[in-house]
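Peer 1: Quick one: sequence and predicted model below, then my questions.
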Amino acid sequence: MKTAITSSGDELTAQFDKRFGRSAWFCLYDEKNGATTFHKNAYADAPHGAGTMVAEKLAELNVQKIISGDFGHKAKEQLDKLNIQMVIVQDDNYTVQDIINKLNKDPGKKKGRYTWAL
Amino acid sequence: MPRRRTLRKVVAPPGFKGYKPYGVGRESHEFIELFYEEYEAIKLADYDLMNHAEASRLMGVSRPTFARIYESARRKIAKAMVETKEIKTIYGNIWMDKSWYICDDCLTRFTIPKTIKKHECPMCASNNFQSLKS
């Protein structure tokens, strides 16, 4: 399963970018083998519709989960249609590596009760 | 620990990321953070011309709470104008529609597409999360 993380640079130490459509780079992280690749966002300066175009492109790259700080209205609609999971992280001071570390944390250490409700 | 805030319902997020003053002598990078719920309050009360009781029902909060949100919105906009500061819109304490979930452990917000079978927080794998409804 591939996860896309919006990034402000092309390395793991780069700051996590809270924008989605206009983030400078995307870090694609493969949860199976831990590999990361960086893709430049060609639509970062697009006059309009950056969010939807990026959503399409990430879907082509087989991304199933996107971690960003904010998703626009249109981007969200598109991603809902494409069945891609959106994750909003509001913390400013993360690097891309920090986010990957969080993803990798042992899922065995579950706490709390099951409160998920439909 | 203070009481947890009731999430305010917002029908549509603002169609802009912010407002910038122009014609100012010196560019300042200071800005005011306007929450989505404050934008929504201004829109309902002053654009859709609803009264506070109607608007508060629509946002799922009490009328006094709506009045507080509205007041804070007006004060922020006035402050931005008088002090020639930029306005930026920030997500705030809201839920937009029922497809979002919030994790109680790490406060991450996320969606769960139909194709995902594992129902857990994507960041901390906690099961302790709830729908942003209610």
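Peer 2: Yep, it's here. Numbering: from 1, shown residues only, chains lettered A, B, ... in the order given.

Peer 1: so how far is the worst-scoring helix or strand of chain B on mean pLDDT off the chain centroid?
Peer 2: The helix or strand of chain B with the lowest confidence, counting by mean pLDDT, DSSP states H and E, is strand B:129-131 at a mean of 75. The chain centroid and the centroid of strand B:129-131 are separated by 18 Å under Cα atoms, centre = their mean, to the nearest Å.

Peer 1: B:Thr6 against B:Gly60, yeah?
Peer 2: Yes - under the criterion of Cβ atoms under 8 Å, B:Thr6 makes contact with B:Gly60 at 7.0 Å. Backbone N, C-alpha and C define where each C-beta goes, glycine included.

Peer 1: more crowded one of these two?
Peer 2: Per other Cβ atoms under 10 Å in any protein chain shown, whichever of B:Thr6 and B:Gly60 has more neighbours is B:Gly60, with 17 against 14.

Peer 1: longest helix of chain B?
Peer 2: Longest helix in chain B, counting residues (DSSP state H): helix B:63-82.

Peer 1: ok, then the element right after that one?
Peer 2: Heading C-terminal from helix B:63-82, the first helix or strand you meet, by DSSP states H and E, is strand B:86-90.

Peer 1: Is any residue of that next one near chain A?
Peer 2: No - for strand B:86-90, no contact with chain A is found by Cβ under 8 Å from any Cβ of the partner chain; the gap never falls below 9.0 Å.

Peer 1: so that strand versus helix B:63-82, what angle?
Peer 2: Using axes from the mean of the first three to the mean of the last three Cα atoms, to 10 degrees, the inter-axis angle of strand B:86-90 relative to helix B:63-82 is 150 degrees.

Peer 1: so where is chain A shaky, pLDDT-wise?
Peer 2: A:73, A:105-118 (pLDDT under 70).

Peer 1: what ranges do the strands span in it?
Peer 2: Along chain A, counting by DSSP state E, strands occupy A:2-7, A:25-30, A:36-40, A:63-68, A:85-88.

Peer 1: what's the angle from the first one to strand A:25-30?
Peer 2: Yep, that's strand A:2-7 we're talking about. Counting by the same axes, to 10 degrees, strand A:2-7 lies at 150 degrees to strand A:25-30.

Peer 1: list the helices and strands the helix ranked longest in chain A packs on?
Peer 2: Scanning chain A for the longest helix, with DSSP H as the assignment, gives helix A:50-60. Applying 3 or more Cβ pairs under 8 Å, 6 or more residues apart in numbering or on different chains; DSSP states H and E, we find helix A:50-60 packed against helix A:73-81.

Peer 1: Can you measure across stretch A:41-51, start residue to end residue?
Peer 2: This stretch, stretch A:41-51, spans 11 Å end to end (Cα to Cα, to the nearest Å).

Peer 1: list the buried ones in that stretch?
Peer 2: Judged by neighbour count (16 or more other Cβ atoms under 10 Å in any protein chain shown), stretch A:41-51 contains these buried residues: A:Asn41, A:Tyr43, A:Ala50, A:Gly51.

Peer 1: ok, of those, which one's closest to B:Pro13?
Peer 2: Nearest to B:Pro13, judged by Cβ to Cβ, of the buried residues of stretch A:41-51 is A:Gly51 at 12.2 Å.
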